[in-house]
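>>> What follows is a predicted structure for the sequence shown.
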Amino acid sequence: MQLDILTPERKVFSGKVYGVYLPGTSGAFEILENHAPIIASLGKGRMKILKDKNTTETYEITGGFVEMLNNKASVLIEGATALD
């Protein structure tokens, strides 16, 4: 699936991934390839990009939103700090 992660200042990530693990406001959840359409709010916590089944990138985020539609996930967040 295509994943785009944006803050007001910069593009954090853009590329093909296996999935993404996100800190939702009601609890953490994971979006994988071919997930049903969804829009969800995000809270403060760790976001993990699953580049493939063995490679990840982790960020500390401060909240925002995610939209999944037509196998493309768009994550709009207030800020992100790389932890890897």
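Looks like it arrived, so ask away. Numbers count the residues shown, from 1 in each chain.
>>> where do the strands sit along the protein?
Along the chain, the segments classed as strands by DSSP state E run 2-6, 11-16, 19-24, 27-32, 38-50, 56-69, 72-77, 80-82.
>>> Report all helices and strands that the fourth one contacts.
Helices and strands in packing contact with strand 27-32 are listed as strand 19-24, strand 38-50; criterion 3 or more Cβ pairs under 8 Å, 6 or more residues apart in numbering; DSSP states H and E. Just so you know, the C-beta spots here come from the backbone N, C-alpha and C atoms, and that holds for glycine as well.
>>> quick one: the longest one to chain centroid distance?
Strand 38-50 sits 5 Å away from the centroid of its parent chain (Cα atoms, centre = their mean, to the nearest Å).
>>> Just checking: what are the partner strands of it?
strand 19-24 (antiparallel), strand 56-69 (antiparallel) (DSSP bridges).
>>> Just name the most buried of these.
strand 19-24 (a mean of 19; mean count of other Cβ atoms under 10 Å).
>>> can you state the direction angle for it and strand 2-6?
Angle of strand 19-24 versus strand 2-6, following axes from the mean of the first three to the mean of the last three Cα atoms, to 10 degrees, is 40 degrees.
>>> quick one: contacts of strand 19-24?
Strand 19-24 is contacted from outside by 1, 3, 28-33, 40-50, 61, 66, 73, 75, using Cβ atoms under 8 Å, 6 or more residues apart in numbering.
>>> likewise stretch 42-61?
With Cβ under 8 Å, 6+ apart, stretch 42-61 has contacts from 3, 5, 12-13, 15, 17-25, 28, 32, 62-66, 75, 77-84.
>>> This completes my enquiry, with thanks.
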